[in-house]
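[1] Below: sequence and its predicted model.
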Amino acid sequence: MGGAELKRIDCLKAIYPELEECAVVTIMGAVAAELYSLGHRPNFFYLEHAMGLASSIGLGIALSQPSRKVVVIDGDGSVLMNLGGLTTLARSRPRNLVHLIFDNETLLSVGGGAPGGYRWFTTATSTGTDLAGIASAAGFPRARTVRELEDFAAAALDALKGHELSCIVAKVDAEMPKSFLMDLHMLENRFEFPRALQLAIKGRSE
């Protein structure tokens with residue numbers, strides 16, 4: 001499979017079974033909608049209307065619950081809005097946080113790349129900015145870019161089982177989700193998520 005054919009939804013399907021006891025924070029838009037479409041869980045928090053801050057929320061959770069794996073699912077546009085988030089993550093270096101970045105080189109959720117949309121809504125990664133390289137230079141002990149589904153699945157599962165701050169950048173198609181419909185009110189998600197994090201991890205106590 002070539003990098004130009006890598007689908008975000010396929011990547012999410014590959015890791016979905018492993019997310020049952022993680023604290024999962026997604027950025028707004030397509031990523032949130034596609035994860036929700038696979039089946040909502042109380043431990044999923046969809047950070048709507050706060051572009052760029054998923055890693056900040058994830059860092060706070062990782063530091064307060066070091067025995068729980070935290071997965072931040074981000075996009076290139078969001079990361080570029082808060083590049084300082086990468087340096088803060090690297091400085092704190094939580095061993096239980098995995099930062100997954102789906103890089104489609106566009107501001108997809110605000111119209112970039114959509115049929116009939118604004119094709120010029122591209123991000124800096126479309127002209128050579130290397131997010132994994134930035135994460136590595138910031139101090140992430142593990143950071144890499146993947147372009148094939150098999151490589152993404154292997155890297156993500158390895159990071160989820162590991163004990164180091166990790167960043168995985170997946171170069172994916174600029175493709176809209178089948179639907180943006182999420183039958184979950186933001187306030188419901190706001191209260192459901194912290195309740196889920198109060199539950200002990202199976203086989204361990206907080």
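    Received it, and whenever you're ready, just let me know what you need.

[2] what about I168, neighbour count?
    23 (other Cβ atoms under 10 Å). The C-beta positions use only the backbone N, C-alpha and C, and glycine is treated the same way.

[3] would you say it is within a strand?
    Yes: assessed by DSSP: H, G, I helix; E, B strand; the rest coil, I168 belongs to a strand.

[4] right, and it touches F102 too?
    No: counting by Cβ atoms under 8 Å, I168 stays clear of F102, with 9.7 Å between them.

[5] do you know how far the spatially most central residue of the chain is from N43?
    Centroid-nearest residue in the chain, with Cα atoms, centre = their mean: I73, separated by 0.9 Å. Going from I73 to N43 by Cβ to Cβ, to the nearest Å gives 13 Å.

[6] and for those two, which residues touch both?
    V24 (Cβ atoms under 8 Å, 6 or more residues apart in numbering).

[7] how much space is there between L86 and A137?
    9 Å.

[8] buried sites along the worst-scoring helix or strand of the chain on mean pLDDT?
    Counting by mean pLDDT, DSSP states H and E, the chain has its least confident helix or strand at helix 186-197, which shows a mean of 90. Within helix 186-197, the residues that count as buried by 16 or more other Cβ atoms under 10 Å are N189, E192, F193, L197.

[9] What pLDDT is listed against the nearest residue to L165 once chain neighbours are set aside?
    Leaving aside its chain neighbours, L165 sits nearest to R93 (5.1 Å; criterion: Cβ to Cβ, 6 or more residues apart in numbering). Reading off the confidence values, R93 has pLDDT 98.

[10] Would you mind giving the buried residues of helix 186-197 as JSON lines with distance to E34 added?
    Output for the buried residues of helix 186-197, formatted as JSON lines (distance: Cβ to Cβ, whole Å):
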{"residue": "N189", "distance to E34": "16"}
{"residue": "E192", "distance to E34": "19"}
{"residue": "F193", "distance to E34": "18"}
{"residue": "L197", "distance to E34": "23"}
